[in-house]
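**Student:** Quick one, what's the 3D model for this:
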Amino acid sequence: MLPALPDGDERELESSEEGGGAGEERRPERHGSTYHSLYGYRSCRSSQQGAGSGDGSPSSAAAETPSSEDFSLSLLDTNLPAEAETELRSFIAKRLTKGALFEGMGNVASVGLSIPEYKVGCYYCCFQHENLLETATLESDINAPEYVVCFLGGSEKGLELFRLELDKYIQSLKINLDLEQKTLETCVNPYLRSWFENAICPIQRVVQLFQEKLAFLLHAALSYTPVEVKNADERTEKDISRFLAAASLQGLVQEGTMTSLCIAMTEEQHKSMIIDCSGPQPQLHNAGSNRFCEDWMHAFVNGAEGGNPFLFRQILENFKLKAIQDINNLKRFIRQAEMNHYALFKCYMFLKNCGSGDILLKIVKVEHAEMPEARSVVTVLEEFMRETSVA
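**Tutor:** Next comes the predicted model:
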C-alpha cells in the first residue's frame, strides 16, 4: 500500500495520536509530454504614469494594476504547437493583467490547451536577468526587460510539489540568460527543454539507482548524518544531494535543533556515510538504518513500477509527515512523563514500536537540552533503549 498525500489543511505537520505510513492505494499520475515557453515581457507604462499618484488612494492602486495595453509579450522559445502556444500566451497575459506574477516567485496552475493531454499543470514565473537586477536603478528599471518562463507537464498538484525546485531552476536561468540567437539555440533552449529531467526526475533516478539500499539514504537524511559521494558523475552526485535535501526535515523542525543535531551527529560518529559509485550499484560504508526507513524504502521500491516522478515526491512528503508526527507524539509523551510514571512507560513503548526510536531520541534530546525535567526523562529513556539493545 502506498502512502496517500493529504490535501489542503490536512497537510499541516501537526501531531496525531496515530499516524501510519500506509494509506489508501493511489493510481500513479501520468505526466505525458512536457513543454516549455519563454517570453519577453516589457512594460509599456511611462515613468510619468508610474509616478503620477503615490497617495495610496484607491485610484492610485488601480493605476498600478496593469491592463493588456500596459505590456507586451513576445515569444522567444517554445516547443508547443502554434495553437497551444497562443492559448498559453493568452493565459499568461490574463495573469499579468491581474498583477498575479511577482519577480522570481513561481506559481502553479492547471491550463487547458490544444495538445493531446489537453489539461496540464503549468509552472510560470516572471524574472529579470541577474545582471539587470544588480545594475538597475529606480529610474532605469521602469522599462527594463523581463521574461516569463512556463513549464508544462503532469498535473497542477504534481507540479506544486516541485515548485521550490523549479524556482531554483529559474535562478540558474537568470544568471546564464543571454538572448543572442547563437546562445539561445546552444544554451538557453537545451536548458529549457531539460527542465523536467533536471528539476523533477532526480528523486526518481535515486530510487532506481539505490533500490533496497535507499533505506540507508533515508536514515542519513533523517539523522543529519554527513554523506560523502565518491566516484560519481556530476548528475548522480547532484541527484543524491537533492534527494537528501528533499528527504530531510529542514524547515520542518526548529533551525536551532537542526544545527545542534548536525553538530552532535558529526561529533558522535566522526565518520561520514560514504557512497561509492564506482561500480554498477552504489556501495555504502558507515551506513545506518532502522525499521521505519526500511518500511518506507519498500513504499518507494513498489512505486518504482509505475515509473512516475510525481508519485515518488508524494511518498517522500508522506515520509516526512509521518516522521514529524512521531516527533510530536514523543514530545507530548515526554511532557506527560514529567509528572506521570505511566506516561514514561508509554514513551518507552512508543520508541520501541515506532521503528525510528534511535533518531527520534536524538532529536528530542537536542530540543530539550535546556529543560531539566524533560532532559531527565530523555536520559531515562536512553538508558531503557540501551538496555533493550544489549538484551
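
**Student:** Which SSE is immediately downstream of the longest helix along the chain?
**Tutor:** Secondary structure assigned by DSSP state H gives helix 309-337 as the longest helix of the chain. Using DSSP states H and E, the helix or strand that follows helix 309-337 in sequence is helix 341-354.

**Student:** Pull out the buried positions in the helix or strand that that next one is followed by.
**Tutor:** Going down the chain from helix 341-354, the next helix or strand is helix 357-367, by DSSP H and E. Within helix 357-367, the residues that count as buried by 16 or more other CB atoms under 10 Å are 357-367. Bear in mind the C-beta positions are built from the backbone N, C-alpha and C, glycine included.

**Student:** ok, now stretch 280-288?
**Tutor:** Neighbour-count burial for stretch 280-288 flags 282, 284, 286-288 (criterion: 16+ other CB under 10 Å).

**Student:** and it, how far apart are its ends?
**Tutor:** End-to-end span of stretch 280-288 (CA to CA, to the nearest Å): 21 Å.

**Student:** can you list the residues that contact it?
**Tutor:** For stretch 280-288, contacts defined as CB atoms under 8 Å, 6 or more residues apart in numbering pick out 209-210, 213, 216, 219-220, 223, 225, 269, 271-276, 358.

**Student:** Of the buried residues of stretch 280-288, which belong to strands?
**Tutor:** In strands, judged by DSSP state E, the following of these are found: L284.

**Student:** would you turn the buried residues of stretch 280-288 into CSV with pLDDT and distance to Q204?
**Tutor:** As requested, the buried residues of stretch 280-288 are exported to CSV (pLDDT from 0 to 100; distance: CB to CB, whole Å):
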residue, pLDDT, distance to Q204
P282, 96, 16
L284, 97, 20
N286, 93, 26
A287, 94, 22
G288, 93, 24
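
**Student:** Export the buried residues of stretch 280-288 as CSV, with columns for distance to A343.
**Tutor:** Below are those laid out as CSV (distance: CB to CB, whole Å):
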residue, distance to A343
P282, 42
L284, 38
N286, 36
A287, 34
G288, 29
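
**Student:** between the buried residues of stretch 280-288, which is closest to P145?
**Tutor:** P145 has its nearest neighbour among the buried residues of stretch 280-288 in P282, at 44.9 Å by CB to CB.

**Student:** low pLDDT regions in the stretch 251-391 of the chain?
**Tutor:** Along the stretch 251-391 of the chain, segments meeting pLDDT under 70 span 252-270, 306, 389-391.

**Student:** how about 90 then?
**Tutor:** Counting by pLDDT under 90, the ranges of the stretch 251-391 of the chain that qualify are 251-272, 280, 303-308, 335, 338-343, 358, 361-391.

**Student:** Show me the strands in the stretch 101-250 of the chain, by range?
**Tutor:** Ranges of strands in the stretch 101-250 of the chain, per DSSP state E, counting those that start in this stretch, are 107-112, 119-127, 146-152, 227-230.

**Student:** What helices and strands are in contact with the third one?
**Tutor:** The elements that strand 146-152 packs onto, with contact taken as 3 or more CB pairs under 8 Å, 6 or more residues apart in numbering; DSSP states H and E, are strand 35-43, helix 82-97, strand 119-127, helix 163-176.

**Student:** List the buried residues of the third one.
**Tutor:** For strand 119-127, a neighbour-count test (16+ other CB under 10 Å) marks 120-127 as buried.

**Student:** Just the C-alpha atoms of that strand, please, in CSV.
**Tutor:** C-alpha atoms of strand 119-127 as CSV (Å, rounded to 0.1, in the frame of the first residue of the first chain):
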residue,chain,number,x,y,z
LYS,A,119,-5.3,19.9,-19.4
VAL,A,120,-1.8,20.1,-17.9
GLY,A,121,-0.1,21.6,-14.9
CYS,A,122,1.7,24.8,-15.7
TYR,A,123,4.5,26.4,-13.6
TYR,A,124,5.0,30.1,-14.6
CYS,A,125,7.5,32.6,-13.3
CYS,A,126,8.4,36.2,-14.1
PHE,A,127,12.1,37.2,-13.8
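
**Student:** can you give me the mean pLDDT across it?
**Tutor:** For strand 119-127, the mean pLDDT works out to 94.

**Student:** begin at 783 from here
**Tutor:** From this message on, residue numbering opens at 783, which makes the last subject strand 901-909.

**Student:** the inter-axis angle of that strand versus helix 864-879?
**Tutor:** Angle, strand 901-909 to helix 864-879, by axes from the mean of the first three to the mean of the last three CA atoms, to 10 degrees: 50 degrees.

**Student:** The last one too?
**Tutor:** Computed by the same axes, to 10 degrees, the angle separating helix 945-958 from helix 864-879 equals 90 degrees.

**Student:** ok, now how distant is L870 from Q910?
**Tutor:** Between L870 and Q910 the computed distance is 21 Å (CB to CB, to the nearest Å).

**Student:** which of the two has more neighbours?
**Tutor:** Neighbours were counted for L870 and for Q910 using other CB atoms under 10 Å; L870 has more, 25 against 19.

**Student:** in the longest helix of the chain, what's buried?
**Tutor:** Using 16+ other CB under 10 Å as the burial criterion, the residues of helix 1091-1119 that qualify are 1091-1109, 1111-1117, 1119.

**Student:** Please state the offset of it from the chain centre?
**Tutor:** 16 Å (CA atoms, centre = their mean, to the nearest Å).

**Student:** now stretch 943-963
**Tutor:** The chain centroid and the centroid of stretch 943-963 are separated by 16 Å under CA atoms, centre = their mean.

**Student:** Buried residues in that stretch, which are they?
**Tutor:** 943-944, 947-949, 951-952, 955-956, 959.

**Student:** show me where pLDDT drops low in the stretch 883-1032 of the chain?
**Tutor:** For the stretch 883-1032 of the chain (pLDDT under 90), the answer is 883-887, 897-900, 909-928, 953-971, 1005-1006, 1031-1032.

**Student:** And the residue nearest to L1142 when sequence neighbours are not counted, how far from L1126?
**Tutor:** Leaving out its chain neighbours, the residue that sits closest to L1142 by CB to CB, 6 or more residues apart in numbering is L1112, at 5.2 Å. Distance of L1112 to L1126, computed by CB to CB: 12 Å.
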